[in-house]
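Asker: quick one: sequence plus predicted model below, questions after.
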Amino acid sequence: KNDPKTAEDWRKNGFGAVLAHRMDGVSRGLGTLVLLGGPEREHEMILTEKAANFLSFKKGTSTQDYPASLMGCVALLRQAYLDGDFYKKEGFKTEKNLSIEAWNDAQAVPQIFEAGEKYDILRIAQIGREFSKNYIVKTRGDEYQRLDDVKTTGQPLIVPLNFPDAFDVEDPFVALQIELKDLKNWELAPTNPGRLEKAGIPFALTTAGLKEKNLFFANLRKAIEAGLSEEGALKALTFQPANLVNNYGTVGSLEPGKMANFIITNTNLANKDFKILDRKS
């Protein structure tokens, strides 16, 4: 859907392209990579129509009873892979199934799998090993708690900067109800990107989960203060997202032959006075 106001909000916050998809269901279908240009017609802004296939462990708005649990979602995905494989080898000989054909066609593009929490990253890796899939995992931002295990999976990540708000501990009775693990996550969540960088895990950064997009750069500075290098931050905003969806030949850096997709700022990312002065996309 063409939404000039939403596109302008993205541009004001420094973004020149977005990977759009419907965030609903277990098998969410294909997403489209589009530029956030000015008055050009919508079809002229499409970089890659079928840029990635999206998956999750959430049933979403479906009114069907199944799947009703995490185990059911895993079973549903495994069955989809098995059905797709059988159809490709034998099933097509006896029937034509448009749904399975669409599923099989979607396997040719990057696969982005949303994890609800850190252990989902390991579950996703297990499915990937079973069906020879190399997933890109969109995380919740708590993977620093199982960093060694996450690194072992070899999966690149899409990491949010929606750090938890500080708890109101002024009332001692309320403060006693806050669990230690939640306090520790509040303290350590901003260190997550820096820890990933030091571990050598490739990752891109996302605005997903933020209440307001204008919090993105403020939280990015928190991550830099907590250990993420400025070079690592820039890489996670430019090279990595473009590379993960096989579009680094078009966007992701300033080079001859690529889209003129950049911002002009008054200072570097880590400076609290950072402002976007102009943009081109």
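Answerer: Yep, that arrived. Numbers count the residues shown, from 1 in each chain.

Asker: now stretch 226-240: buried residues?
Answerer: Going by neighbour count (16 or more other CB atoms under 10 Å), the buried part of stretch 226-240 is 226-228, 232-233, 235-240. The C-beta positions use only the backbone N, C-alpha and C, and glycine is treated the same way.

Asker: other residues contacting that stretch?
Answerer: Under the contact criterion CB atoms under 8 Å, 6 or more residues apart in numbering, stretch 226-240 has outside partners 156, 159, 190-191, 193-195, 197-198, 202-205, 220, 223-224, 248, 252-253, 268-270.

Asker: and the furthest pair within the buried residues of stretch 226-240?
Answerer: 226 and 239 (21.6 Å; CB to CB).

Asker: so what sits opposite residue 113 in the bridge?
Answerer: residue 55, residue 137 (DSSP bridges).

Asker: that one reaches residue 134, doesn't it?
Answerer: No. Using CB atoms under 8 Å, residue 113 makes no contact with residue 134, being 10.4 Å away.

Asker: picking up where we left off before, quick check, nearest of the buried residues of stretch 226-240 to residue 5?
Answerer: Among those, residue 237 lies closest to residue 5 (CB to CB), at 23.0 Å.

Asker: for that closest one, give its distance to residue 8.
Answerer: As defined by CB to CB, to the nearest Å, residue 237 lies at a distance of 19 Å from residue 8.

Asker: cool, residue 257 as well?
Answerer: For residue 257, the distance to residue 8 - CB to CB - is 27 Å.

Asker: ditto for residue 34
Answerer: 14 Å.

Asker: secondary structure class of residue 148, three-state.
Answerer: Put simply, residue 148 is helix when judged by DSSP: H, G, I helix; E, B strand; the rest coil.

Asker: what about it, neighbour count?
Answerer: A count of nearby residues for residue 148, using other CB atoms under 10 Å, gives 7.

Asker: same thing with the one 10 residues further on?
Answerer: With neighbours defined by other CB under 10 Å, the count for residue 158 comes to 22.

Asker: which of residue 257 and residue 8 has more neighbours?
Answerer: Using other CB under 10 Å as the criterion, residue 257 and residue 8 rank with residue 8 on top: 12 against 6.

Asker: which strand or helix spans that one?
Answerer: helix 4-12 (DSSP states H and E).

Asker: now do the contacts for residue 75.
Answerer: Counting by CB under 8 Å, 6+ apart, residue 75 makes contact with residue 67.

Asker: hang on, the earlier thing: out of the buried residues of stretch 226-240, which are inside strands?
Answerer: Using DSSP state E, no member of the buried residues of stretch 226-240 falls in strands.

Asker: how about those residues in JSON lines, adding distance to residue 210 and pLDDT?
Answerer: Converted to JSON lines, the buried residues of stretch 226-240 look like this (distance: CB to CB, whole Å; pLDDT from 0 to 100):
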{"residue": "226", "distance to residue 210": "17", "pLDDT": "97"}
{"residue": "227", "distance to residue 210": "20", "pLDDT": "97"}
{"residue": "228", "distance to residue 210": "17", "pLDDT": "98"}
{"residue": "232", "distance to residue 210": "20", "pLDDT": "97"}
{"residue": "233", "distance to residue 210": "16", "pLDDT": "96"}
{"residue": "235", "distance to residue 210": "20", "pLDDT": "97"}
{"residue": "236", "distance to residue 210": "15", "pLDDT": "97"}
{"residue": "237", "distance to residue 210": "15", "pLDDT": "96"}
{"residue": "238", "distance to residue 210": "19", "pLDDT": "95"}
{"residue": "239", "distance to residue 210": "22", "pLDDT": "96"}
{"residue": "240", "distance to residue 210": "19", "pLDDT": "97"}
